[in-house]
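Enquirer: Return a 3D structure for these sequence lines:
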Amino acid sequence: MIFCNHTPGEKPSCRWRRRKEARPEEIIDAALALFVEKGFSATRLDDVAKRAGISKGTLYLYFDSKEAIFRAVVETLIGPQLQQIEKLVHDFEGSNQALLRQLILGWWRNVGETGLSGIPKLIVSESGNFPELSEYFVKHVVKRMRKVFVGVLERGVAAGEFKPCDAQVAARLLFAPLVHAAIWKHSLQPWDDTGDVPVYLNLHLDIFFNGISSGAAKNE
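Expert: Numbers count the residues shown, from 1 in each chain. I've put the predicted structure just below:
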(Lines give C-alpha, C1' and ligand atoms only; values in the text may rest on other atoms or scores of the structure.)
Protein backbone atom coordinates (compact mmCIF):
# COMPACT_ATOMS: atom_id res chain seq x y z
CA MET A 1 0.00 0.00 0.00
CA ILE A 2 1.32 3.49 -0.87
CA PHE A 3 1.07 6.42 1.52
CA CYS A 4 1.85 10.00 0.43
CA ASN A 5 2.48 12.83 2.87
CA HIS A 6 2.72 16.42 1.63
CA THR A 7 1.51 19.91 2.27
CA PRO A 8 0.12 22.27 -0.38
CA GLY A 9 2.89 23.53 -2.69
CA GLU A 10 5.29 20.73 -1.80
CA LYS A 11 6.19 17.69 -3.89
CA PRO A 12 4.47 14.61 -2.48
CA SER A 13 6.75 12.17 -0.71
CA CYS A 14 5.49 8.64 -1.12
CA ARG A 15 6.74 5.44 0.42
CA TRP A 16 5.63 1.86 0.71
CA ARG A 17 4.35 0.63 4.04
CA ARG A 18 3.77 -2.99 4.80
CA ARG A 19 0.22 -3.74 5.82
CA LYS A 20 0.08 -4.62 9.49
CA GLU A 21 -2.77 -7.09 9.20
CA ALA A 22 -4.43 -9.33 6.66
CA ARG A 23 -7.51 -11.44 6.87
CA PRO A 24 -6.93 -15.22 7.09
CA GLU A 25 -8.70 -15.53 3.72
CA GLU A 26 -5.97 -13.47 2.06
CA ILE A 27 -3.29 -15.72 3.51
CA ILE A 28 -5.18 -18.80 2.33
CA ASP A 29 -5.53 -17.40 -1.19
CA ALA A 30 -1.84 -16.52 -1.33
CA ALA A 31 -0.84 -19.97 -0.08
CA LEU A 32 -3.07 -21.77 -2.58
CA ALA A 33 -1.55 -19.82 -5.46
CA LEU A 34 1.96 -20.69 -4.30
CA PHE A 35 1.16 -24.34 -3.64
CA VAL A 36 -0.12 -24.65 -7.20
CA GLU A 37 2.77 -22.69 -8.73
CA LYS A 38 5.68 -24.11 -6.74
CA GLY A 39 4.44 -27.23 -5.00
CA PHE A 40 3.94 -27.77 -1.29
CA SER A 41 7.55 -28.70 -0.49
CA ALA A 42 9.05 -25.69 -2.26
CA THR A 43 6.66 -23.14 -0.75
CA ARG A 44 8.00 -21.42 2.36
CA LEU A 45 5.97 -19.51 4.90
CA ASP A 46 8.11 -16.49 4.02
CA ASP A 47 6.82 -16.79 0.46
CA VAL A 48 3.22 -16.94 1.65
CA ALA A 49 3.65 -13.90 3.86
CA LYS A 50 5.25 -11.94 1.05
CA ARG A 51 2.50 -12.88 -1.42
CA ALA A 52 -0.14 -11.86 1.15
CA GLY A 53 1.67 -8.57 1.82
CA ILE A 54 2.28 -9.20 5.50
CA SER A 55 5.15 -10.08 7.82
CA LYS A 56 5.89 -13.66 8.75
CA GLY A 57 5.07 -12.79 12.33
CA THR A 58 1.59 -11.68 11.33
CA LEU A 59 1.09 -14.92 9.42
CA TYR A 60 1.90 -16.86 12.60
CA LEU A 61 -0.96 -15.10 14.36
CA TYR A 62 -3.28 -17.19 12.20
CA PHE A 63 -1.36 -20.30 11.14
CA ASP A 64 1.54 -22.14 12.75
CA SER A 65 2.54 -24.24 9.71
CA LYS A 66 2.04 -24.87 6.02
CA GLU A 67 0.01 -27.94 6.93
CA ALA A 68 -2.40 -25.76 8.90
CA ILE A 69 -2.81 -23.47 5.93
CA PHE A 70 -3.48 -26.42 3.63
CA ARG A 71 -6.20 -27.67 5.96
CA ALA A 72 -7.67 -24.18 5.94
CA VAL A 73 -7.71 -24.26 2.12
CA VAL A 74 -9.78 -27.44 2.26
CA GLU A 75 -12.10 -26.17 4.99
CA THR A 76 -12.75 -22.68 3.65
CA LEU A 77 -12.53 -23.13 -0.13
CA ILE A 78 -13.50 -26.74 -0.86
CA GLY A 79 -15.79 -27.35 2.12
CA PRO A 80 -18.45 -24.86 0.96
CA GLN A 81 -18.43 -26.44 -2.51
CA LEU A 82 -19.13 -29.84 -0.96
CA GLN A 83 -21.92 -28.40 1.16
CA GLN A 84 -23.59 -26.95 -1.93
CA ILE A 85 -23.31 -30.31 -3.69
CA GLU A 86 -24.88 -32.14 -0.77
CA LYS A 87 -27.72 -29.62 -0.65
CA LEU A 88 -28.27 -29.92 -4.40
CA VAL A 89 -28.52 -33.70 -4.12
CA HIS A 90 -30.95 -33.40 -1.25
CA ASP A 91 -33.23 -30.92 -3.04
CA PHE A 92 -32.99 -32.21 -6.63
CA GLU A 93 -36.24 -33.44 -8.18
CA GLY A 94 -35.17 -34.56 -11.66
CA SER A 95 -33.65 -37.85 -12.84
CA ASN A 96 -30.51 -39.19 -11.22
CA GLN A 97 -28.77 -39.11 -14.58
CA ALA A 98 -29.50 -35.40 -14.95
CA LEU A 99 -28.30 -34.83 -11.39
CA LEU A 100 -24.99 -36.61 -11.97
CA ARG A 101 -24.38 -34.64 -15.15
CA GLN A 102 -25.04 -31.40 -13.27
CA LEU A 103 -22.68 -32.45 -10.47
CA ILE A 104 -19.82 -33.32 -12.82
CA LEU A 105 -20.09 -30.22 -14.99
CA GLY A 106 -20.74 -27.99 -11.98
CA TRP A 107 -17.65 -29.29 -10.18
CA TRP A 108 -15.48 -28.44 -13.15
CA ARG A 109 -17.04 -24.99 -13.49
CA ASN A 110 -16.73 -24.11 -9.79
CA VAL A 111 -13.50 -25.92 -8.95
CA GLY A 112 -11.76 -27.05 -12.12
CA GLU A 113 -11.75 -23.59 -13.65
CA THR A 114 -10.28 -22.01 -10.49
CA GLY A 115 -6.98 -22.26 -8.64
CA LEU A 116 -8.42 -25.20 -6.69
CA SER A 117 -7.92 -27.33 -9.78
CA GLY A 118 -4.22 -27.52 -8.89
CA ILE A 119 -4.84 -29.49 -5.69
CA PRO A 120 -5.17 -33.00 -7.25
CA LYS A 121 -1.72 -32.70 -8.85
CA LEU A 122 -0.36 -31.26 -5.60
CA ILE A 123 -1.68 -34.19 -3.57
CA VAL A 124 -0.49 -36.83 -6.03
CA SER A 125 2.99 -35.35 -6.34
CA GLU A 126 3.47 -34.68 -2.61
CA SER A 127 1.75 -37.73 -1.13
CA GLY A 128 5.03 -39.54 -0.44
CA ASN A 129 6.56 -36.57 1.32
CA PHE A 130 3.46 -35.48 3.24
CA PRO A 131 1.29 -38.57 3.80
CA GLU A 132 -0.67 -36.85 6.55
CA LEU A 133 -1.89 -34.23 4.06
CA SER A 134 -2.95 -36.93 1.62
CA GLU A 135 -4.80 -38.75 4.38
CA TYR A 136 -6.53 -35.54 5.39
CA PHE A 137 -7.53 -34.74 1.79
CA VAL A 138 -8.85 -38.24 1.13
CA LYS A 139 -10.90 -38.22 4.33
CA HIS A 140 -12.38 -34.74 4.02
CA VAL A 141 -12.72 -34.37 0.25
CA VAL A 142 -12.36 -37.61 -1.73
CA LYS A 143 -14.46 -39.87 0.50
CA ARG A 144 -17.03 -37.18 1.15
CA MET A 145 -17.43 -36.55 -2.58
CA ARG A 146 -17.50 -40.25 -3.39
CA LYS A 147 -20.23 -40.78 -0.81
CA VAL A 148 -22.41 -38.28 -2.67
CA PHE A 149 -21.90 -40.01 -6.01
CA VAL A 150 -22.45 -43.46 -4.53
CA GLY A 151 -25.71 -42.30 -2.98
CA VAL A 152 -27.04 -40.94 -6.27
CA LEU A 153 -26.00 -44.08 -8.16
CA GLU A 154 -27.64 -46.34 -5.60
CA ARG A 155 -30.77 -44.22 -5.74
CA GLY A 156 -30.79 -44.56 -9.51
CA VAL A 157 -30.43 -48.35 -9.28
CA ALA A 158 -33.24 -48.56 -6.75
CA ALA A 159 -35.47 -46.48 -9.04
CA GLY A 160 -34.74 -48.75 -11.99
CA GLU A 161 -32.96 -45.94 -13.82
CA PHE A 162 -29.53 -47.60 -13.71
CA LYS A 163 -28.47 -51.23 -14.04
CA PRO A 164 -27.40 -52.95 -10.81
CA CYS A 165 -23.70 -52.24 -10.29
CA ASP A 166 -21.00 -51.78 -7.70
CA ALA A 167 -21.73 -48.14 -6.86
CA GLN A 168 -18.33 -47.60 -5.25
CA VAL A 169 -16.52 -48.64 -8.43
CA ALA A 170 -18.97 -46.78 -10.67
CA ALA A 171 -18.50 -43.59 -8.64
CA ARG A 172 -14.72 -43.77 -9.12
CA LEU A 173 -15.15 -44.31 -12.83
CA LEU A 174 -17.62 -41.44 -13.08
CA PHE A 175 -15.36 -38.97 -11.27
CA ALA A 176 -12.02 -40.06 -12.75
CA PRO A 177 -12.06 -37.76 -15.83
CA LEU A 178 -12.42 -34.73 -13.54
CA VAL A 179 -9.22 -35.70 -11.74
CA HIS A 180 -7.48 -36.43 -15.03
CA ALA A 181 -8.51 -33.06 -16.50
CA ALA A 182 -7.30 -31.19 -13.42
CA ILE A 183 -3.92 -32.92 -13.34
CA TRP A 184 -3.47 -32.49 -17.10
CA LYS A 185 -4.28 -28.78 -16.79
CA HIS A 186 -1.41 -28.26 -14.35
CA SER A 187 1.13 -30.52 -16.02
CA LEU A 188 1.06 -31.35 -19.74
CA GLN A 189 -1.57 -28.97 -21.10
CA PRO A 190 0.95 -26.24 -22.07
CA TRP A 191 2.49 -28.71 -24.55
CA ASP A 192 -0.64 -30.64 -25.51
CA ASP A 193 -3.85 -28.69 -25.15
CA THR A 194 -6.57 -31.29 -25.66
CA GLY A 195 -9.33 -28.73 -26.03
CA ASP A 196 -12.51 -27.81 -24.22
CA VAL A 197 -12.89 -29.72 -20.95
CA PRO A 198 -16.72 -29.54 -20.79
CA VAL A 199 -16.86 -31.17 -24.24
CA TYR A 200 -14.57 -33.93 -22.95
CA LEU A 201 -16.69 -34.38 -19.82
CA ASN A 202 -19.98 -34.45 -21.73
CA LEU A 203 -18.66 -37.17 -24.03
CA HIS A 204 -17.49 -39.17 -21.03
CA LEU A 205 -20.95 -38.83 -19.46
CA ASP A 206 -22.67 -39.93 -22.67
CA ILE A 207 -20.51 -43.07 -22.78
CA PHE A 208 -20.91 -43.71 -19.04
CA PHE A 209 -24.71 -43.39 -19.08
CA ASN A 210 -24.98 -45.44 -22.26
CA GLY A 211 -23.31 -48.25 -20.33
CA ILE A 212 -25.11 -47.91 -17.01
CA SER A 213 -28.61 -46.91 -18.10
CA SER A 214 -31.32 -49.52 -17.68
CA GLY A 215 -33.17 -48.08 -20.65
CA ALA A 216 -36.08 -47.10 -18.41
CA ALA A 217 -35.34 -43.38 -18.72
CA LYS A 218 -34.15 -41.23 -21.58
CA ASN A 219 -31.13 -38.99 -21.27
CA GLU A 220 -31.90 -35.55 -19.92
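Enquirer: before we move on, which element is the closest residue to Arg146 other than its chain neighbours in?
Expert: Excluding its sequence neighbours, the residue lying closest to Arg146 (Cβ to Cβ, 6 or more residues apart in numbering) is Ala171, at 5.1 Å. Every C-beta, even on glycine, is put in place using the N, C-alpha and C of the backbone. Applying DSSP states H and E as the criterion places Ala171 in helix 167-185.
Enquirer: Average pLDDT for that helix, rounded please.
Expert: The average pLDDT within helix 167-185 is 96.
Enquirer: Of all the residues in it, which ones are buried?
Expert: Judged by neighbour count (16 or more other Cβ atoms under 10 Å), helix 167-185 contains these buried residues: 167, 170-171, 173-175, 177-179, 181-185.
Enquirer: re the thing from before, the residue nearest to Arg146 contacts Leu153, doesn't it?
Expert: Yes: look at Ala171 against Leu153 with Cβ atoms under 8 Å: they come within range, at 6.0 Å.
Enquirer: Any idea how many residues pack against Gly211?
Expert: For Gly211, the neighbour count with other Cβ atoms under 10 Å is 12.
Enquirer: next one: Lys139
Expert: By other Cβ under 10 Å, the residues close to Lys139 number 11.
Enquirer: I'd like the distance between it and Gly112.
Expert: The gap separating Lys139 from Gly112 is 22 Å, by Cβ to Cβ, to the nearest Å.
Enquirer: What of Asp166?
Expert: Taking Cβ to Cβ as the measure, Asp166 falls 26 Å from Gly112.
Enquirer: okay, the two: which has more neighbours?
Expert: Ranked by neighbour count (other Cβ under 10 Å), Asp166 and Gly112 place Gly112 first, with 21 against 11.
Enquirer: Setting the sequence-adjacent residues aside, check what's closest to the more buried one.
Expert: Ala182 (5.7 Å).
Enquirer: Could I get the contacting residues of that neighbour?
Expert: Gly112, Ser117, Gly118, Ile119, Pro120, Lys121 (Cβ atoms under 8 Å, 6 or more residues apart in numbering).
Enquirer: returning to what we had before: and the two most separated of the buried residues of helix 167-185?
Expert: Spanning the widest gap among the buried residues of helix 167-185 are Ala167 and Lys185, at 28.0 Å by Cβ to Cβ.
Enquirer: Can you give me the end-to-end span of stretch 32-48?
Expert: 9 Å (Cα to Cα, to the nearest Å).
Enquirer: Check what pLDDT the most centrally placed residue in the chain gets.
Expert: With distances taken as Cα atoms, centre = their mean, Leu116 lies nearest the centre of the chain, 3.6 Å away. Listed pLDDT for Leu116 reads 95.
Enquirer: what secondary structure does it sit in?
Expert: At Leu116 the chain is in helix, as set by DSSP: H, G, I helix; E, B strand; the rest coil.
Enquirer: and Ala181, what is it in contact with?
Expert: Trp108, Gly112, Val197, Tyr200, Leu201.
Enquirer: Identify the residues contacting the nearest residue to Phe149 once chain neighbours are set aside.
Expert: Leaving aside its chain neighbours, Phe149 sits nearest to Ala171 (3.8 Å; criterion: Cβ to Cβ, 6+ apart). Residues in contact with Ala171 (Cβ under 8 Å, 6+ apart) are Arg146, Phe149, Val150, Leu153.
Enquirer: May I ask which helix or strand encompasses the first one?
Expert: Secondary structure assignment for Arg146, by DSSP H and E: helix 143-158.
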